[in-house]
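Visitor: Need a 3D model of the following:
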Amino acid sequence: MGWQAYTASLVHSLAWPVAAVVAVVILREQLQALLSRPMRRMKVGPVEVEWEEEVAAAKAALEAQPVRITEAGPPPVTLTDSIGDLTDIAPMEAIQTAYERVRDVLLHMSPEPVPQSSLSVLNVTVTGYPSAAALARFVRERGRLNDVNVRAIETLTRLRAHAAHTGGVTPQQAREFVDLADLIMFSITNGTYLPPE
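Guide: Predicted structure coming up:
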């Protein structure tokens, strides 16, 4: 191979990578603006999540349910109160904390322990724990939860997955998530939920 053939081969091989780099350099400001916006919609396979619509629909369904009046006692401490400024400081951690609190209450709502054999049927997560949505379905099958609450918890699980996989969750989205988790906790405990100290 002569030097001319070698040069032609080299230019041919580098043409597309060089063109891509030049395009990125020229369009860097527009790309930064596009990539810095928080993701509002995510589609993975057949599942598509639109944050605002999912939150609004779940809140509306929960708020439309009748609330049973329980014995008077101290006002419940909300997740929003107990999580505090975490939504502004670490939005993803606030989402995870609220999600785990809902999951923990569901674990305690089951009239029977969730057997290990059932966990393999209930959408086991990577850590080996069932998702809140899987626990909600398990508790519903035992007559302790209604369909509206299960759908709201499924929405909460989808939103948590959206936040975890996109990594671009804003403090506002974290506050919306925690507010939805608060409504769910109020609904499934009939207003008696008190977070752990």
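
Visitor: low pLDDT regions in the chain?
Guide: By pLDDT under 70, the low-scoring segments of the chain are 1, 20-24, 27, 30-49, 66-77, 114-129, 191-197.

Visitor: Now do the strands in it.
Guide: Here the chain has its strands, by DSSP state E, at 41-44, 47-50.

Visitor: And the protein, what are its domain boundaries?
Guide: 1-37, 40-188 (automatic domain parsing).

Visitor: Which helix in this protein has the most residues?
Guide: Assignment by DSSP state H gives helix 3-26 as the longest helix of the chain.

Visitor: Could you check stretch 156-170 and say which residues are buried?
Guide: Using 16 or more other CB atoms under 10 Å as the test for burial, stretch 156-170 gives L156, T157, R158, L159, R160, A161, H162, A163, T166, G168, V169, T170. Placement of C-beta: from N, CA and C, glycine included.

Visitor: any idea how far the last one is from A94?
Guide: Plainly put, T170 is 11 Å away from A94 if you go by CB to CB, to the nearest Å.

Visitor: about what we covered before: reformat the buried residues of stretch 156-170 as a markdown table; add distance to D147.
Guide: Listed next are the buried residues of stretch 156-170 as a markdown table, based on distance: CB to CB, whole Å:
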| residue | distance to D147 |
| --- | --- |
| L156 | 15 |
| T157 | 15 |
| R158 | 16 |
| L159 | 19 |
| R160 | 20 |
| A161 | 21 |
| H162 | 22 |
| A163 | 25 |
| T166 | 28 |
| G168 | 32 |
| V169 | 28 |
| T170 | 30 |
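
Visitor: Would you mind listing the two of the residues you listed that lie farthest apart?
Guide: Greatest spatial distance in the buried residues of stretch 156-170: T157 and T170, 19.5 Å, computed using CB to CB.

Visitor: Chain neighbours aside, what residue packs nearest to V55?
Guide: Closest residue to V55 apart from its sequence neighbours, by CB to CB, 6 or more residues apart in numbering: E176 at 4.9 Å.

Visitor: ah, wrong one, I meant A181
Guide: A181 sits nearest to A98 (CB to CB, 6+ apart), 3.9 Å away.
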